[in-house]
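Engineer: Show me the folded form of this:
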Amino acid sequence: MIVKLKGNIENFSDLFVDLDVQDVVYRILMTPINIKEFKNTREDIEIFIYEILKEDSRILVGFKNDEEREIFSDLLSVQGVGSKMALNIMSDLDNQQIVSTIKNEELQTLTKITGVGQKLAKRIFNELKEKIQKKFELNDLPITETNSVVKADLVSCLVNLGYPQRISEETAIQVIMKNEEKDLEEMIPIALKLLTKPV
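Structural biologist: Presented below is the predicted three-dimensional model:
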């Protein structure tokens, strides 16, 4: 099973990118937001892959991090949500908005998305609320402009050191909540100590 591909973009449209990986070109479905972000990159890029195998086809769906891929997987687990619908939802709402919408059961936010009626929206809430709350229970950091910038920088540092995206985000939130007066350089060793602390 393919979980991640690294290469350069050979072609793209509003629905997919064609990624050249050592002279093998893969067509990867993506949200327009991610396509726009990736398409102008001249260097090799990494795309996290969710692979869907069917009797008559093999579909690769791409994301910029493993947290996006996990949300996609959660949406697919809901009866009535296929890959096109899941991508449609993720094209209208980013990860944080999806988590917030499901946590708070914001019916109107989901029903504004093309193809999502009240029945499907309620099913998404019923089937995912508990799961989402467990996964993202630490994502309640007050979002100020400063917090947002520091969190992004700290998460980037931890990911570059090899830690998974979601664990990096959870750790960054914990560190910022308790050390808002400190700068990024002071927070990095605190985060690393938290990550390496024996359980």
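Engineer: Going along the chain, name the strands of this protein.
Structural biologist: In order along the chain, the chain carries the following strands (DSSP state E): 4-12, 16-21, 24-29, 45-53, 58-63.
Engineer: Who are the packing partners of the last one?
Structural biologist: Pointing back at strand 58-63 there. Using 3 or more Cβ pairs under 8 Å, 6 or more residues apart in numbering; DSSP states H and E as the contact definition, the elements that strand 58-63 packs against are strand 24-29, strand 45-53, helix 66-76, helix 83-92. Bear in mind the C-beta positions are built from the backbone N, C-alpha and C, glycine included.
Engineer: ok, back up a step: kindly present the strands of the chain as JSON lines, with separate columns for mean pLDDT, distance to Ile173 and mean neighbour count.
Structural biologist: As requested, the strands of the chain are arranged in JSON lines below (pLDDT from 0 to 100; distance: least, Cβ to Cβ, whole Å; neighbours: other Cβ atoms under 10 Å):
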{"stretch": "strand 4-12", "mean pLDDT": "93", "distance to Ile173": "25", "mean neighbour count": "15"}
{"stretch": "strand 16-21", "mean pLDDT": "95", "distance to Ile173": "31", "mean neighbour count": "18"}
{"stretch": "strand 24-29", "mean pLDDT": "96", "distance to Ile173": "30", "mean neighbour count": "16"}
{"stretch": "strand 45-53", "mean pLDDT": "94", "distance to Ile173": "21", "mean neighbour count": "17"}
{"stretch": "strand 58-63", "mean pLDDT": "95", "distance to Ile173": "21", "mean neighbour count": "20"}
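Engineer: I'd like those as TSV, with distance to Asp94 appended.
Structural biologist: Supplementary listing: the strands of the chain in TSV, determined by distance: least, Cβ to Cβ, whole Å:
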stretch	distance to Asp94
strand 4-12	20
strand 16-21	19
strand 24-29	17
strand 45-53	15
strand 58-63	12
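Engineer: How much space separates Leu29 from Ile35?
Structural biologist: To Ile35, Leu29 is 10 Å away according to Cβ to Cβ, to the nearest Å.
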